[in-house]
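Peer 1: Coordinates only, no sequence provided:
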C-alpha cells in the first residue's frame with residue numbers, strides 16, 4: 001500500500017496521504033487480481049464487505065489526477081457502487097479531470113478514504129474467495145492452486 005502511494009507522491013504530501021490504519025482501500029482493490037493457476041484475467045475481484053469505515057485524509061488533487069490513468073475505471077465504479085459510495089461518480093473519467101474539483105474530491109474519497117475492514121474478495125473467473133480480516137486481504141494460495 002505505501003509503495004503504491006509513495007510512487008506518486010512527493011515531499012510533504014506523503015504523510016497526508018498515508019492512513020494511520022492498515023486497512024484495505026479501494027485504491028488497493030483496483031490493483032489486486034486472482035493468481036490461481038489457469039486464470040486468464042482474474043480481475044476485478046468482487047468486493048463482499050461486511051465492515052466498511054471512512055477516514056478523512058487530506059485532499060490532494062494532483063495525486064488523484066496522477067492516479068486516474070492507472071485506474072481501471074469500470075472496476076473502480078463497481079467497487080464504489082458495491083460499497084454504497086458511487087453517488088455522483090460519472091460513468092467515465094471527464095476529458096479534463098484536473099479542472100473538475102468536485103469529480104476529484106469524490107474520486108479521492110472513494111480511492112483513499114473508504115476502508116474495507118472485514119469481508120472478502122471473490123474471483124470472477126474461478127469463484128475463489130480471499131478473506132479480508134482487520135483490513136488485510138489474504139491473497140495467499142493453497143498448494144493445489146499454484
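Peer 2: That came in fine, so what should we check first? Every value quoted in this text rests on a predicted model; they were computed, and no experiment measured them.
Peer 1: Provide the count of other residues in contact range of residue 25.
Peer 2: 22 (other CB atoms under 10 Å). The way it works is simple: take the backbone N, C-alpha and C, and place the C-beta from them, glycine included.
Peer 1: need the contact list for the closest residue to residue 34 other than its chain neighbours.
Peer 2: Once its chain neighbours are removed from consideration, residue 34 has its nearest residue in residue 42; the separation is 3.2 Å (CB to CB, 6 or more residues apart in numbering). Contact analysis of residue 42 by CB atoms under 8 Å, 6 or more residues apart in numbering lists 33-36, 123-126.
Peer 1: Now, the residues you listed that are in helices?
Peer 2: Secondary structure assignment by DSSP state H places none of the contacts of residue 42 in helices.
Peer 1: Now list the buried members of those.
Peer 2: 33-34, 36, 123, 125 (16 or more other CB atoms under 10 Å).
Peer 1: Distance check, the residue nearest the centre of the chain against residue 120.
Peer 2: Nearest residue to the geometric centre of the chain (CA atoms, centre = their mean): residue 26, 2.0 Å. Noted for residue 26: a distance of 15 Å to residue 120, by CB to CB, to the nearest Å.
Peer 1: try residue 54
Peer 2: Here the distance between residue 54 and residue 120 works out to 20 Å (CB to CB).
Peer 1: Give me the more crowded residue out of these two.
Peer 2: In this comparison of residue 54 against residue 120, neighbours counted by other CB under 10 Å, the higher total goes to residue 120 at 19 against 12.
Peer 1: what's the closest non-adjacent residue to residue 92?
Peer 2: Across the structure, with CB to CB, 6+ apart as the measure, the residue nearest residue 92 apart from its sequence neighbours is residue 73 (6.6 Å).
Peer 1: Around residue 101, how many other residues sit close by?
Peer 2: 12.
Peer 1: How far away from the center of its chain is stretch 127-146?
Peer 2: The gap between the average C-alpha position of stretch 127-146 and the chain average comes to 17 Å, counting by CA atoms, centre = their mean, to the nearest Å.
Peer 1: actually stretch 73-92, not the one I wrote
Peer 2: For stretch 73-92, the gap between its own C-alpha mean and the chain's C-alpha mean amounts to 11 Å (CA atoms, centre = their mean).
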